Structures are given as C-alpha cells and as structure tokens.
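Undergrad: fold the following, please.
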Amino acid sequence: MRGTGDHAADQATTRGTPRAHTERSEEHPIAENPSLRHLLDRVVLVEERVRRAVAARRQTDPNPDDAFRGLYLTDDAVDRLLHTPPRPAAPDRTDAARHAEAETRADTAEPPSRLRRLTTDLGLTDLDVEILLITLLPDLDARFESFYGYLNDDVTRRRPTIGLVLTLCGLSAADASARARLGATAPLLAAGLLLTEDPDRPFLGRALRVPDRVTAHLLGDDTPDPRVADLLTPTPPVPGVGDATPLARALAAEIPLAYLREEQGGAGPALAATALTQAGRPALALDLARLARDPAPADAVRTAVREARLTGAGLVCAPVDALDRDRERAALLRQLTDAPVPVALVGRVPWDAAWSTRPPLLLRAPRVEPTARAALWQAAYGPSVPAGIDVPNLLSPFLLTPEQITRAARSAAQNALLDGGELRPEHVRRGARAQNSAGLDLLARRIEPAVGWDDLVLPADTLTQLRELTARARHRDRVLGEWGMRPGGARGRGVVALFAGDSGTGKTMSAEVIAADLGLDLYTVDLSTVIDKYVGETEKNLERIFSEAAGVNGVLLFDEADAIFGKRSEVKDAHDRYANVESAYLLQRMESFDGLAILATNLRANLDDAFTRRLDLVVDFPVPDSAQRLALWHRCLAPLLPDTADLDLPFCADSFELAGGNIRSIAVTAAYLTAEAGSPLTMRQLIHAIQREYQKLGRLTLASEFGPYVDLLVL
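TA: Modelled structure (predicted):
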C-alpha cells in the first residue's frame, strides 16, 4: 500500500526534465491563444519549482513507503523537526532567465495578457504574481492537490498554505515584507484575487485559494460572478443623451468618483456609461435598488468591485436614493465611493459629504430631450414604423430614461405582435405606461382612462382650456427644457391646473379625458391616506406621494383639494401655526413638482391665493345650461334610447337644473328600473329615477318642476 505523497513524488521524478515539459507546453491548447501564453509560461516555471520541491522532499524522506504519510507524526519525525532548521527552496538559476523571456514575450502579446493587465492595474509585484500562480496550480491541474498534500505533510490539506508558498518562493517565514504581501490590506487579498481559509489556524498554516471567478477570468471567461449576476450588468454607451466628453475627460484623468444628479427621465446612467466608454473602459451597471434588498450587501459590493477590477471596467451605480435611507445603507455608499475603480453614482438626492472621504466630481445629468427619444425608441424597436404613427409626439408627455425608452419600444413590439403584428399608437403608449413603478398604487387609486373628448359636454371655452392644458403637458420639455422659459434651479417642469366647479360638473371626468389624450394613467389621491392628526405626518404623507409620482408618468388628481390646499390664516394658537406649515410646504413642493397635477375643488374661494400664482391654468366648470343638459340626457341614456319612443328629454333638460354627474346617476337608476320591468324605458321610470335623485340631493319635489308628469311621481 502506498500513500498519496509517494504517488506525487513518483510523478515528480518521472515526468521528465523541465526542458521536455516546456516543449510539450508549446502544444498545449492555451498556447494557441497569444493572450494566454504569458499565463502558461509563468505557470510552467512555478510548476517546475513545485516539482523540484517534491523531489527534494522525496530524497530526504527517511520513510518514503509509509502508507499513512501525512496522518500522524512519529518520534523520529518530531526529532527531525526539532533539529532541522527551515531551508527555503531557492529558485533554479535558469528560472530568472526564463522568467525574463516570458515577460519579454508578454510585452508583445496582442491582445495583452490578462495576467499582465491585472499586474499593472493592481500594482502587483513579481512576488505577488508568484504567490498567485502557486495558489492557482491546483485549479489548473488536479495533480497538484497531491503535490501540496505531500508538501504539507497532510493528505487532507490539498491547497498551499502561507508557509508553503513562502518556502516555494525561496523566502523565510520570518521575512516581514514577504508576510505583508499576504496581509488583509495587501493587493492580492484586498482585490479579492486570493482568499485565506482556516482563520483559526496560525498565520503560516492558513490555506490559500484563488476564487473560481478569478481563475475563469485568467483563462479567458468573462461570465460575471453568479453572486452579483442579477445586480451587475454590462451597460453599452447610449448616443444622443448629452455631452459625455467632459466626464470622459475627467475619468481619463484618473478622477475616481463622480456624482450625477438627475431628475425624472434623466439620462444619468447612460451618460456615465458613454463617458466610461470614451475613457477606454467598459461600464458595469450596479442596481442599488436590488442591492438594498440583498441579504449580504457588503459582500455583494466587494464582489462587484472585484468584477470591475478584473475586467478593467468602471461602475455605474444607480439609484442612490435606494441606499440613502439609514446608516447601514449609507455605509454601503461609503464602501462604493472608496472602491479602487472609477465609480459614477447617479441619484436624485443632493450629494452628502459623509458618503465619501474623497471629493466627487458633481454634475447634473440631462433629460432625454424629445429630439433624442425617437431615435432611441426606433433603435430598440427595430422594424420601420408604419406611416401615420408619430412616435416623438406620442412619447412627448412621458419622462423616460434611455433604459425605459428601450424597454418601452420592446414592450410596444410585443403588444403589436399580440394584436396581429401591426404597430398602432396605443401600443406605443401602452409600452411607455408599462415602465411606471408600482409604488404610487399604494397611495393613490389608479384609473385606466376609458373616455375621450367626445364624452365631454362642456362650454366651448372650458373645452379650449382643457386642450391647452394637454398642450402644456405635451410640450413642457421643449418649452421649459430646451427653450428655458421657466428659469430658476428650484423650479420643476411640472404642469399644475385647478378645476373649480360644483359637484358633478365634469372635473374628474375631464381629468380622465386629459390622461387618455396624453396616453397616461390617472392617479386619484385618497385623502384618507394623506391627512393625519399628528403634527408633521401630513407633510410626510404628501412627500411620499410626490416622491412616488416622480417615478410615474401619470396624471395626479387631488380631489376635494381645498382640504389640504386651504388658505393660511392668522396665527392664534399652535394649531394655526402647524396648519400654515402644511400650506407652506405644499407651496414649495408644488413649485418643484415635475409631473402633471390637477387640483379639483368645489370651493375655489377656500384655496390660498399663493397657490393661484403657481397654477398654470384655472378651469371653471359651470353648471350646464339647458342645451348642454339635453346633450347630457341623450349621451347618458344612449344605450336605452333605441327601444324607447315616448321619452320627453327636452322637457327634462328645460325643467330640471342638474349637473352632469346627477344626470348620469339618474340614467343608471333608470336602467335598473328598466331591467327589473323587463320592458323598454318609459317616462314613468325616468321620472321615478329623477325623484330618487332629488331625494338624494335633499331637494323638494315641486309640482311646478314636474309639470305634466307630476302624476308619475311615486307617493
């Protein structure tokens, strides 16, 4: 029976001379790739050194046939350990010449060796490279597990220990400078190229290991580490989203950190990726929202930084807002900003000096302007767009990032394929709406518009103002952005309108029509989720709504707005003071809002005058006149009219002064009465429905109003 050490020793003495091994290495598959030749040349030199160490150990072993070698220590072995001083295994004299030859060949390799690039980028010394290669050998050739088990005098320890590595490098275990190359802050371990195991063992007895991702990279595999595969993605440059040249120039000048502050629809990540590419580096995008949900985020950051160092890339980290919430997550930002790779952070919050010990380059990321949106959308969509579909006009109400535009185009293509293959305007809008985040759904009720301009019965001037409002929302980026018609750093590009009128005059329906015309969803804010009796909580709830609305392309409707946008009053007690604080906060927040907001109120006089100045439009909704009421009666009863002949709708329009909402309620009640009777709608049922609506409104049922139909009233 023979031990593992004997088999390893036999292999070391029967493989032939180093020269013969080198000649065989010329036919190795790796040698066919010039970029890996450097790695192979250096591995061959280390391999021969290990073989010589095994052979030397074999020659001095007094009991080479011991079948239990490495499993116990005899008394003789202990005596030898006590009386034999350590002798580092010095490299062969020819190693230096062959090492120089390998380095010379690496200098002319094209593309450059990955080992050479890591050596340069990480500032590795020759000793660091030797240590890395000695540790790497068991992952390239399984036989070296046996060799290291033999040299460790322990068949269960098949990776090199720190003490063995130092010995194979011809260094003393007491050499402080050599030991420092394997410290926690040394380049090999700090960059994640080496890992130490068995931390409870003494320093020299700790095993060393090269992570699988590092081994794969050195062999030419660029597959990202599975640990961060869902957090880290390659990001190609995006043309046409701003001038990336200044940032690229700064990154090329070794400025390691930049912070790009952006607004809704900003192109921060795209601009950073383009700048990194222009600076000669690939870009890796780190999703900070997913990182915040990772069970071990600090470890994920270390792995992501190692991935960037392996590939020579820079990190584009967004959105910073996902981490800027508590101390633990802020520590992750500190870890990112201190990373030894170029880092571009992107977020909507102001820069905090506590995030980094080094000052960043502070920039403001531009939005994707209308002129660039169509090109990005078309590039992602692929096929030619059918004539008559104006993509720039359809996308103009949406504030989308380049990444969202790409996804919107692909979503539109899928919707078109589902509907038969031909692209239609609703597919473009549906794809854009699909990019909305779901956070606002928890704070407001989302309504998919199902009405259009033909469903509105309003005075001509009111309709004109509503169309002007949609024009403002559609062209705000051009007017306020490209033309700069609203100067001031604190002013947003939002559009805010007030709809004032009695209940039922069409305010909510008009908001829905505007949302439909723009291709947006309507979000109705539930005041029960906003108003709070505790001081300061109402403002916090409103801030949550506005913050979530910043990530959504939709129309924000505050119904009964006077409840939270009321007038400020003279301060007589603490209640007045805090009520005024709420109003002051809303004044400030509405001015910086970037979306489309509609305030609806029945009591316009109750709104603070300061709000009026910040409004883009004030639209009055009067009670409909007789002609408008007749149109409303016909429109609301349209599904029931074909089977009805004896309805006196002109009388209803002239006699009953009702708003459109009341007429719609009457029509629904009449429809239920018709369904119950199982016959066409009659005037009796219609008068009955009007009577019930009067009772709801608390109005008296006067005979003079019902005229010839008073006998149809239910007594």
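Undergrad: host element of residue 463?
TA: helix 460-476 (DSSP states H and E).
Undergrad: that helix - contacts with which helices or strands?
TA: strand 495-501, helix 507-518, strand 617-621 (3 or more C-beta pairs under 8 Å, 6 or more residues apart in numbering; DSSP states H and E). C-beta: built from backbone N, CA, C; applies to glycine.
Undergrad: pull out the buried residues from that helix.
TA: Buried positions in helix 460-476, judged by neighbour count with 16 or more other C-beta atoms under 10 Å: 462-463, 465-466, 469-470, 472-476.
Undergrad: what does stretch 295-306 give?
TA: So for stretch 295-306, counting by 16+ other C-beta under 10 Å, buried means 297, 300-306.
Undergrad: in helices only, show me the residues you listed.
TA: 297, 300-306 (DSSP state H).
Undergrad: with pLDDT and distance to residue 181 added, can I get those in JSON lines?
TA: Shown next, in JSON lines, are these (pLDDT from 0 to 100; distance: C-beta to C-beta, whole Å):
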{"residue": "297", "pLDDT": "91", "distance to residue 181": "29"}
{"residue": "300", "pLDDT": "94", "distance to residue 181": "27"}
{"residue": "301", "pLDDT": "95", "distance to residue 181": "24"}
{"residue": "302", "pLDDT": "94", "distance to residue 181": "20"}
{"residue": "303", "pLDDT": "95", "distance to residue 181": "23"}
{"residue": "304", "pLDDT": "95", "distance to residue 181": "25"}
{"residue": "305", "pLDDT": "96", "distance to residue 181": "20"}
{"residue": "306", "pLDDT": "95", "distance to residue 181": "18"}
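Undergrad: can you give me the strands for the stretch 551-700 of the chain?
TA: For the stretch 551-700 of the chain, the strands defined by DSSP state E, counting those that start in this stretch occupy 554-558, 596-601, 617-621.
Undergrad: tell me which residues in the last one are buried?
TA: Taking 16+ other C-beta under 10 Å as the neighbour-count basis, strand 617-621 is seen to contain the buried residues 619, 621.
Undergrad: show me what that strand is packed against.
TA: Using 3+ C-beta pairs under 8 Å, 6+ apart: strand 617-621 touches helix 460-476, strand 495-501, helix 507-518.
Undergrad: contacts for the second one?
TA: Outside of strand 495-501, the residues within contact range by C-beta atoms under 8 Å, 6 or more residues apart in numbering are 469, 472-473, 476, 507, 510-511, 561, 590, 593, 595-602, 604, 607, 611-612, 614-623.
Undergrad: tell me the mean pLDDT over stretch 454-464?
TA: Averaged across stretch 454-464, the pLDDT comes to 94.
Undergrad: just the CA atoms of that stretch, as CSV, please.
TA: Only the C-alpha atoms of stretch 454-464 are listed here, as CSV (Å, rounded to 0.1, in the frame of the first residue of the first chain):
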residue,chain,number,x,y,z
ASP,A,454,-66.5,63.3,-27.4
ASP,A,455,-67.7,62.2,-24.0
LEU,A,456,-67.4,65.7,-22.5
VAL,A,457,-70.3,68.1,-22.6
LEU,A,458,-68.9,71.5,-21.5
PRO,A,459,-68.9,75.1,-22.6
ALA,A,460,-66.6,75.9,-25.6
ASP,A,461,-64.2,78.0,-23.5
THR,A,462,-63.8,75.2,-20.9
LEU,A,463,-63.0,72.7,-23.6
THR,A,464,-60.5,75.1,-25.1
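Undergrad: ok, now how distant is residue 307 from residue 301?
TA: In this view, residue 307 and residue 301 are 11 Å apart by C-beta to C-beta, to the nearest Å.
Undergrad: next, the buried residues of the lengthiest helix in the chain.
TA: Longest helix of the chain, by residue count under DSSP H: helix 34-60. Across helix 34-60, burial judged by 16+ other C-beta under 10 Å covers 35-54, 57-58.
Undergrad: now swap in stretch 142-159 and tell me
TA: Neighbour count says stretch 142-159 has 143-155, 157-159 buried, by 16+ other C-beta under 10 Å.
Undergrad: gap between the two ends of it?
TA: End-to-end distance for stretch 142-159, by C-alpha to C-alpha, to the nearest Å: 11 Å.
Undergrad: run the chain-centre distance for it.
TA: 46 Å (C-alpha atoms, centre = their mean, to the nearest Å).
Undergrad: just the helices in the stretch 551-700 of the chain please.
TA: In order along the chain, the stretch 551-700 of the chain carries the following helices (DSSP state H, counting those that start in this stretch): 574-592, 609-614, 626-636, 649-655, 660-677, 683-697.
Undergrad: so for residue 285, which of these sits nearest?
TA: Taking C-beta to C-beta, helix 574-592 is the member of the helices of the stretch 551-700 of the chain nearest to residue 285, at 27.7 Å.
Undergrad: and the residue nearest to residue 217 when sequence neighbours are not counted, how far is that from residue 461?
TA: Spatial nearest neighbour of residue 217, excluding adjacent residues (C-beta to C-beta, 6 or more residues apart in numbering): residue 310 at 4.7 Å. Plainly put, residue 310 is 66 Å away from residue 461 if you go by C-beta to C-beta.
Undergrad: quick revisit: of the contacts of strand 495-501, just the buried ones, ChimeraX syntax please.
TA: This is the ChimeraX syntax for the buried subset of these, where burial follows 16+ other C-beta under 10 Å:
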select :469,472,473,476,507,510,511,561,590,593,595,596,597,598,599,600,601,602,604,607,611,614,615,616,619,621,622
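Undergrad: sec struct for residue 522, please.
TA: Put simply, residue 522 is strand when judged by DSSP: H, G, I helix; E, B strand; the rest coil.
Undergrad: okay, and the helix or strand of the chain with the least pLDDT?
TA: Counting by mean pLDDT, DSSP states H and E, the chain has its least confident helix or strand at helix 18-25, which shows a mean of 39.
Undergrad: the closest residue to residue 127 other than its chain neighbours: what's it in contact with?
TA: In space, and not counting its chain neighbours, residue 127 is closest to residue 181: 5.7 Å by C-beta to C-beta, 6+ apart. By C-beta under 8 Å, 6+ apart, the contact set of residue 181 is 125, 127-128, 131, 188.
Undergrad: gap between residue 181 and residue 211?
TA: With C-beta to C-beta as the criterion, residue 181 and residue 211 are 18 Å apart.
Undergrad: ok, residue 46 next?
TA: The span separating residue 46 from residue 211 equals 19 Å under the rule C-beta to C-beta.
Undergrad: dump the buried residues of stretch 295-306 into TSV; add distance to residue 387 as well.
TA: Below are the buried residues of stretch 295-306 laid out as TSV (distance: C-beta to C-beta, whole Å):
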residue	distance to residue 387
297	50
300	48
301	50
302	53
303	50
304	46
305	50
306	51
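Undergrad: of these, closest to residue 220?
TA: Nearest member of the buried residues of stretch 295-306 to residue 220, counting by C-beta to C-beta, is residue 306, at 17.3 Å.
Undergrad: is the closest residue to residue 556 other than its chain neighbours in a bridge, and if so with what?
TA: Take residue 556 and drop its neighbours on the chain: the residue closest to it by C-beta to C-beta, 6+ apart is residue 597, 4.5 Å away. As for beta bridges, residue 597 partners with residue 496, residue 556 under DSSP bridges.
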